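**Student:** predicted model and sequence follow; I will ask about them next.
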Amino acid sequence: MAGSTILKPIVSKIYCSSSKAVLMVRKRPPNVNGGGLVVTDSTQKVVFSVDGCGILGAMGELIVRDGDGTAILFIHKRGGVVQALSIYNHWRGYLMDYDEPSKLVFSLLDPKSPLAMKNAVRILVEPKGRVKGWDFEVVGSFVERACTIKDRRGNVVAQMGAKDMMTRKDIYYVVMQPGYDQAFVIGVVAILDNIHGEATRC
């Protein structure tokens with residue numbers, strides 16, 4: 001029953017639906033508001049948007065906004081010597097508080113070497129403390145718009161697919177399972193978009 005769905009908030013419970021939802025993700029061209037992503041629901045209402053380098057002017061930084069344009073999540077790619085020596089790119093997602101990054105809520109590890117690329121993209125929900133060291137993973141191909149986000153028990157959180165073969169690079173859908181945090185999933189999608197040099201990258 002929908003009423004018994006357990007909500008699993010990461011950004012906020014207000015972004016968790018008790019029923020399955022289909023979100024449409026559309027890439028903004030670089031010459032339209034600096035590029036990025038626009039996310040709509042089944043009624044074509046804008047529920048999220050993502051600003052990237054074209055708007056922020058900084059590489060490796062992303063902002064997820066709600067349907068009203070309020071910044072809710074700041075994401076950045078970690079730099080420095082430790083990062084340079086790692087076989088993973090480290091991304092971190094922070095809640096926004098009065099337009100400033102505040103609490104760290106998740107980290108994403110993206111394999112950057114050919115040897116490590118056989119591994120799935122892994123996501124850790126903060127604070128840490130999990131025995132296995134990760135909470136979610138991305139499997140499949142983002143480039144082909146055929147990937148799935150699963151939790152560490154193998155449960156499907158969200159699935160991405162092409163709207164049609166002609167426009168799959170510009171428009172695709174994300175099927176959200178009940179209870180999971182849609183803002184968090186769009187944050188992960190935004191990172192995948194940036195990793196693959198798409199709408200959020202300059």
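**Tutor:** Everything's here; your move. Numbering: from 1, shown residues only.

**Student:** and the gap between residue 139 and residue 121?
**Tutor:** For residue 139, the distance to residue 121 equals 8 Å [Cβ to Cβ, to the nearest Å]. Placement of C-beta: from N, CA and C, glycine included.

**Student:** neighbour count winner among these two?
**Tutor:** Comparing residue 139 with residue 121 by other Cβ atoms under 10 Å, the one with more neighbours is residue 121, at 24 against 11.

**Student:** where's that one relative to residue 30, distance?
**Tutor:** Using Cβ to Cβ, one obtains 25 Å as the distance from residue 121 to residue 30.

**Student:** and what of residue 151?
**Tutor:** Distance check for residue 151 against residue 30: by Cβ to Cβ, it reads 34 Å.

**Student:** now residue 14
**Tutor:** 31 Å.

**Student:** how about residue 42?
**Tutor:** 28 Å.

**Student:** please apply the same query to residue 22.
**Tutor:** 27 Å.

**Student:** likewise for residue 103?
**Tutor:** Residue 103 is 31 Å from residue 30, by Cβ to Cβ.

**Student:** ditto for residue 155
**Tutor:** 37 Å.

**Student:** buried set for stretch 172-188?
**Tutor:** 172, 174, 176-188 (16 or more other Cβ atoms under 10 Å).

**Student:** export only the CA atoms of that stretch, formatted as PDB.
**Tutor:** Output of stretch 172-188 as PDB, limited to C-alpha atoms (Å, rounded to 0.1, in the frame of the first residue of the first chain):
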ATOM      1  CA  TYR A 172      15.500  11.000 -21.100                       C
ATOM      2  CA  TYR A 173      13.500   9.700 -18.200                       C
ATOM      3  CA  VAL A 174      14.200   8.600 -14.700                       C
ATOM      4  CA  VAL A 175      11.800   6.200 -13.100                       C
ATOM      5  CA  MET A 176      11.800   6.700  -9.300                       C
ATOM      6  CA  GLN A 177      10.700   3.900  -7.000                       C
ATOM      7  CA  PRO A 178       8.500   4.900  -4.000                       C
ATOM      8  CA  GLY A 179      10.100   6.300  -0.900                       C
ATOM      9  CA  TYR A 180      13.400   7.400  -2.400                       C
ATOM     10  CA  ASP A 181      14.800  10.900  -2.500                       C
ATOM     11  CA  GLN A 182      14.300  12.500  -5.900                       C
ATOM     12  CA  ALA A 183      16.500  15.400  -5.200                       C
ATOM     13  CA  PHE A 184      19.400  13.100  -4.300                       C
ATOM     14  CA  VAL A 185      18.900  11.000  -7.500                       C
ATOM     15  CA  ILE A 186      18.900  14.200  -9.700                       C
ATOM     16  CA  GLY A 187      22.100  15.200  -7.900                       C
ATOM     17  CA  VAL A 188      23.600  11.800  -9.000                       C
END
